[in-house]
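S.K.: Sequence plus predicted model, see below.
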Amino acid sequence: MSGPLLKVENLRIELTTRDGIAPVIDNLSFELNAGENISFVGESGCGKSMTALGIMGLLPEKIGRIASGSITFDGEDLTAASEARLKEIRGNDISMIFQEPMTSLNPVYTVGEQIAEVLRRHQGLSTAQAWTKATELLDAVRIPNPQARVSDYPFQMSGGQRQRVMIAIALACEPKILIADEPTTALDVTVQAQIFDLLRDLQAETGTAIMLITHDMGAVAEMSERMIVMYAGRKAEEGRVDEVIEHARHPYTKGLISCVPHIMQTLTEERHKLTEIEGIVPSLREFGRNNCLFAARCELVEDRCLNERPPENSFGKTQKAACWRAEEV
Amino acid sequence: MSDTVKVPEEEVVEARSPFSEAWEMFRKNHAAMAGLVVLVLIVVAAIIGPPLYAVDPFEMVWAPFSPPGVDGFILGTDYLGRDLVAALLGGARVSLIIGLAAAFVTVAIGVTVGALAGFYLGWVEEVLMRITEFFQVLPTLLFSMVIVALFGASLPMITFAIGVVSWPPVARITRAEFLRIRELEYVTASRASGAKNFKLMFSVILPNALPPIIVQSALMVGSAILFEAGLSFLGLTDPNVVSWGQVIGSNRQYILDAPYTVTIPGLAIFVTVLAISLVGDGLNDALNPKLRQR
Amino acid sequence: MADNALLNVENLTVRFSVKRGSSWGRKSYLYAVDDISFQIKRGETLAIVGESGSGKSTTALAVARLVPAHSGRVELDGEDFLALEDEALRQARSKIQFIFQDPYSSLNPRLRAEAIVREPLDSLKAVPEADRQAIVDRLFKAVGLRKEQQRLFPHQFSGGQRQRIGIARALVTQPQLVICDEPVSALDVAVQAQILNLLRELQSEFGLTYLFISHDLGVVQHMCDSIAVMYMGKIVEHADRLSLFNNPLHPYTAALLSAVPSVDKARREATKRILIPGDPPDPINPPKGCRFANRCPVAQAQCRDAEPPLRDLKGGHRVACHLVGDDAVSPL
């Protein structure tokens, strides 16, 4: 295959709010290769989930729309695709799992029925075949005793198991891309570790590319090869994970990494003050402005940041940061 | 130490209470505002109408069945030659008073029962909710007719009868809100800082439970007016006061000969109840935080 | 140890009755907190960590008497807090205050910020009315809010600012013990740091004692002097910060620590993920042996037969595991 699996170019997604139209995604470009694992990081309201919904063609009806730019998946421009075609792609080629596995599953059907339904609809399997495959999938996501659990209702399962079922549904049609939107935020840390292991193993087996949306730098470091840091609908920084963690080029990325108390290899008596990022993410009203939207919270802010939107500077082969003073960070 | 905490500079926002925001929202709702304007007009007419239009609604002032606009009687006269304008203005007072008073009785009983049940739980809740269910399954019209028939058809008794059969929905809403809100952390916070039960119930939980209760009681005014009309249509009314339902009831035999004697007070009831419903719906939209976020 | 302990919890048990199945009239009990004991020294922070269902939040609520304890003692400054009733309890509540998890539901939406902070003073009436405003002003400043913001209503604040209001409210009665129940887990990462720093500043400024409930080991590591790890209503390990993080003895603690994703490359490479498959057992019918035995990678026959007691090892490191000897070596 030539070229990336997914190529997003100059994507602009607009949301109609009470205060007018706001670009919740503003000039976003990135590429995702087959089998790759990329992370989107940022605070809430920075456009991580909106990017995912844009790719899935699931923007909130009537209020959200793709204003310009393109999303090319496997050579096909999704922004131009019909709703029917998008539906086809959504089930077969790109699938998504969400934060809250309880509300994503239908409580009145057994998990087996819900997995089998997807298989019948998208792969045309017979009822019996679909049921067998559903059992296999539960086994694949490591639910013990799948023959029995396949007839369980969602409420009979723990949060971690429900998320496994969601993963089974998402992987039922062997998609090329799996978008995981904060898949472990609602789960305990030991369960999170299990889900991450599972995703990594499944990725190695099936070659699915994973787009992980998270706010946890630790999760990024554990899971992904590349990361994109989003701030206020714009890409703040992009690069290989170890590269970025080693030397972030955007003050926001730097802040995100150092504002969280991490457990280090050896703990010492010393505990320094955590880095604070003052203030909060700007409101949607300010999203379209032609300046650096992080300027109000930035320690390195200078006049230029307030008046002009910073261009993307490259560092090395893969790292890019949209900051006027990236050299100094 | 604390002085080192940097205070982010931002524009000073003006303090806006949840209720002032609700009013903002209400004002943007055209239907609700129209309802409010109509309602205000009716209330004004009920207050200043009778003194300005000094005609006794019980007095026979002209020949019976004089159609509207003829002989100087704008809305005509009824089967006894009584002025319908006077009946309408006088009836507005009675209907509104009964509507408001009955709604007040309803809310007083309903909120008390619901608040106690939702706050204390356990056997208090069991007993109160069984009583509520008992009142809910009673045939309301029949039961209120019995009360009025037994204790006399005076305005206070009619009000009481309407209130006594209408409170269960208010009690259920209040209890549901109490059950929801009592689990919220700010209630726990108040308890953790030594608030007494009475304070928790009435100054912490109740104000936050009010929005649906307000909406319900606004609609209650409308249904109480209808209820009163129904009772007086059946003749269960205070013979010494004029109300819209009573006008309809007393003229009902002549509905084919002089339809206006029934339709005009009927229209008055319709417009009033509609206006109240619009206001109630508007309140619902304005006070419901989920709708407000849109 | 007992001399400078501000809070002394002994054999605290909290149980909830559960209706189950069709067995009429027969009540079963869920022991959310099962016979736990710990102490907190004045001016220090004890963290209770654990996953959902471990009983950590219930412990906090029981200590503050917001959930009734079934048995045990909670001594605050030598006084038995569980024995207080009615008016005495109401007045004593000023000594233990709570910071809640959710800054959205923990503030009364109908009150202005200043009224929220002043409410405990108004309820307890221990401070003359004239002095209350000055106290509120001082705390607003201490938590980093401006004076003019006192007039605003909760929905006009951001999540972090709301949590500051919650902190000011908790400190207004000058409590001896402040219980922080997941105080930052509902906040955005960048805002968490602001609140954690503030809590530490306030601790050194006012000499506060914290009981800190959290599931986030990174946060706990940063905030605490000692840590108790809970699993299914029991404390399985309790030690000072360095011992617990650098030498976790209980297999569950080790598994918990190994599950935390880290940005530290050295740690990622050095940590072997300890897998604990499956789910915790049914809390209504806990197994008779160690409650962790069914998921423990090193469990042996004795673990399933007898419940391990919480034993004191050298240096005050306490652990409830049959397989840890007095030499304090992890069985893993």
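M.R.: It's in. Numbers count the residues shown, from 1 in each chain, chains lettered A, B, ... in the order given.
S.K.: avg pLDDT for the helix or strand that contains A:Ala148?
M.R.: For A:Ala148, the element it lies in under DSSP states H and E is helix A:146-149. For helix A:146-149, mean pLDDT rounds to 90.
S.K.: next SSE after it?
M.R.: Criterion used, DSSP H and E; the element after helix A:146-149 is helix A:159-171.
S.K.: That next one close to chain C?
M.R.: Yes. Contact of helix A:159-171 with chain C (C-beta under 8 Å from any C-beta of the partner chain) involves A:Gly159, A:Gly160, A:Gln161. (Each C-beta comes from the backbone N, C-alpha and C, glycine too.)
S.K.: Turn those residues into CSV, columns for pLDDT, neighbour count and distance to A:Arg142.
M.R.: As requested, the residues of helix A:159-171 next to chain C are exported to CSV (pLDDT from 0 to 100; neighbours: other C-beta atoms under 10 Å in any protein chain shown; distance: C-beta to C-beta, whole Å):
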residue, pLDDT, neighbour count, distance to A:Arg142
A:Gly159, 82, 17, 15
A:Gly160, 83, 22, 10
A:Gln161, 87, 23, 10
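S.K.: Return the member of these nearest to A:Val150.
M.R.: A:Gln161 (12.0 Å; C-beta to C-beta).
S.K.: And the helix or strand containing C:Leu196, what's buried?
M.R.: Per DSSP H and E, C:Leu196 falls inside helix C:189-206. For helix C:189-206, burial by neighbour count (16 or more other C-beta atoms under 10 Å in any protein chain shown) applies to C:189-203, C:206.
S.K.: can you check stretch A:316-329 too?
M.R.: A:Gln319, A:Lys320, A:Ala321, A:Ala322, A:Cys323, A:Trp324, A:Arg325, A:Ala326, A:Val329.
S.K.: Distance-wise, check the closest residue in space to the fifth one that isn't next to it in sequence relative to chain B.
M.R.: By that I understand A:Cys323. Using C-beta to C-beta, 6 or more residues apart in numbering or on different chains and skipping residues adjacent in sequence, the residue nearest A:Cys323 is A:His250, 4.9 Å away. Applying C-beta to the nearest C-beta, to the nearest Å, the value for A:His250 to chain B is 21 Å.
S.K.: give me phi/psi at the residue nearest to B:Glu185 when sequence neighbours are not counted?
M.R.: Nearest residue to B:Glu185, sequence neighbours excluded (C-beta to C-beta, 6+ apart): C:Ser106, at 3.7 Å. C:Ser106 adopts backbone torsions of phi -90, psi 0, taken as degrees, to the nearest 10.
S.K.: Pull the contacting residues for C:Ser106.
M.R.: B:Leu184, B:Glu185, B:Tyr186, B:Thr188, B:Ala189, C:Phe100, C:Arg162, C:Gly166 (C-beta atoms under 8 Å, 6 or more residues apart in numbering or on different chains).
S.K.: Around the second one, count how many other residues there are.
M.R.: By that I understand B:Glu185. 21 (other C-beta atoms under 10 Å in any protein chain shown).
S.K.: doesn't C:Ile99 make contact with it?
M.R.: No. Using C-beta atoms under 8 Å, B:Glu185 is not in contact with C:Ile99; the gap is 10.0 Å.
S.K.: wait, what's in contact with residue 302?
M.R.: I'll assume chain A. Counting by C-beta under 8 Å, 6+ apart, A:Glu302 has contacts A:Trp324, A:Arg325.
S.K.: hm, I was asking about chain C
M.R.: C:Gly289, C:His322.
S.K.: That one belongs to a helix?
M.R.: Yes. The assignment for C:Gln302 by DSSP: H, G, I helix; E, B strand; the rest coil puts it in a helix.
S.K.: so what's it scoring on pLDDT?
M.R.: 91.
S.K.: ok, now how distant is it from A:Arg90?
M.R.: Distance from C:Gln302 to A:Arg90, counting by C-beta to C-beta, to the nearest Å: 53 Å.
S.K.: So residue 282: helix, strand or coil?
M.R.: If you meant another chain, say so; for now it's chain A. coil.
S.K.: Phi, psi for it please.
M.R.: phi -60, psi 160.
S.K.: Surely it is in contact with A:Tyr231?
M.R.: No. Counting by C-beta under 8 Å, A:Pro282 sits too far from A:Tyr231 to count as a contact (9.3 Å).
S.K.: Now do the shared contacts for these two.
M.R.: A:Leu293.
S.K.: Which residue of those two possesses the greater neighbour count?
M.R.: More neighbours surround A:Tyr231 than the other of A:Pro282 and A:Tyr231, with 26 against 18 (other C-beta under 10 Å).
S.K.: Now do the same contact list for the more buried one.
M.R.: A:Gly42, A:Glu43, A:Cys46, A:Tyr252, A:Val281, A:Leu293, A:Phe294.
S.K.: between those, which is closest to chain B?
M.R.: Nearest to chain B, judged by C-beta to the nearest C-beta, of the contacts of A:Tyr231 is A:Val281 at 13.1 Å.
S.K.: Please determine how far A:Thr51 is located from B:Ala117.
M.R.: 48 Å.
S.K.: next one: B:Phe160
M.R.: 22 Å.
S.K.: Which two among the contacts of C:Ser106 are spaced furthest apart?
M.R.: Top of the distance list for the contacts of C:Ser106 (C-beta to C-beta): B:Thr188 and C:Arg162, 15.6 Å.
S.K.: Whichever residue of the stretch 1-150 of chain A sits closest to chain B: neighbour count?
M.R.: Using C-beta to the nearest C-beta, the single residue of the stretch 1-150 of chain A nearest to chain B is A:Arg18, 8.3 Å away. Applying other C-beta under 10 Å, we find 8 residues neighbouring A:Arg18.
S.K.: Now do the phi/psi pair for it.
M.R.: Dihedral angles (degrees, to the nearest 10) for A:Arg18: phi -60, psi -30.
S.K.: where does chain C have its least confident helix or strand?
M.R.: Lowest by mean pLDDT, DSSP states H and E among the helices and strands of chain C is helix C:265-270, with a mean of 82.
S.K.: meant to ask about chain A
M.R.: helix A:101-104 (a mean of 74).
S.K.: could you point out which element follows it?
M.R.: That would be, after helix A:101-104 and using DSSP H and E, helix A:111-123.
S.K.: Counting by contacts, list what that next one packs against.
M.R.: helix A:83-92, helix A:127-140, helix A:159-171 (3 or more C-beta pairs under 8 Å, 6 or more residues apart in numbering or on different chains; DSSP states H and E).
S.K.: same thing but at 6 Å, please
M.R.: If contacts are counted by 3 or more C-beta pairs under 6 Å, 6 or more residues apart in numbering or on different chains; DSSP states H and E, helix A:111-123 sits against helix A:127-140, helix A:159-171.
S.K.: So for stretch B:239-254, what gets flagged as buried?
M.R.: B:Val241, B:Val242, B:Ser243, B:Trp244, B:Gly245, B:Gln246, B:Val247, B:Ile248, B:Gly249, B:Ser250, B:Asn251.
S.K.: so which pair among those is furthest apart in space?
M.R.: B:Val241 and B:Asn251 (16.5 Å).
S.K.: and the strand or helix carrying A:Val8, how far out from the chain's middle?
M.R.: Element membership for A:Val8, per DSSP H and E: strand A:6-17. From the chain centre to the centre of strand A:6-17 is a distance of 15 Å (C-alpha atoms, centre = their mean, to the nearest Å).
S.K.: who's in contact with the helix or strand just after it?
M.R.: Downstream of strand A:6-17, the next assigned helix or strand under DSSP H and E is strand A:20-32. Strand A:20-32 has contacts (C-beta atoms under 6 Å, 6 or more residues apart in numbering or on different chains) with A:4-15, A:38, A:47, A:50-51, A:209, A:228, A:233-235, A:284, A:287-288.
S.K.: rewinding a little: closest one of the buried residues of helix C:189-206 to B:Pro50?
M.R.: Among the buried residues of helix C:189-206, and counting by C-beta to C-beta, the member closest to B:Pro50 is C:Val191, at 62.4 Å.
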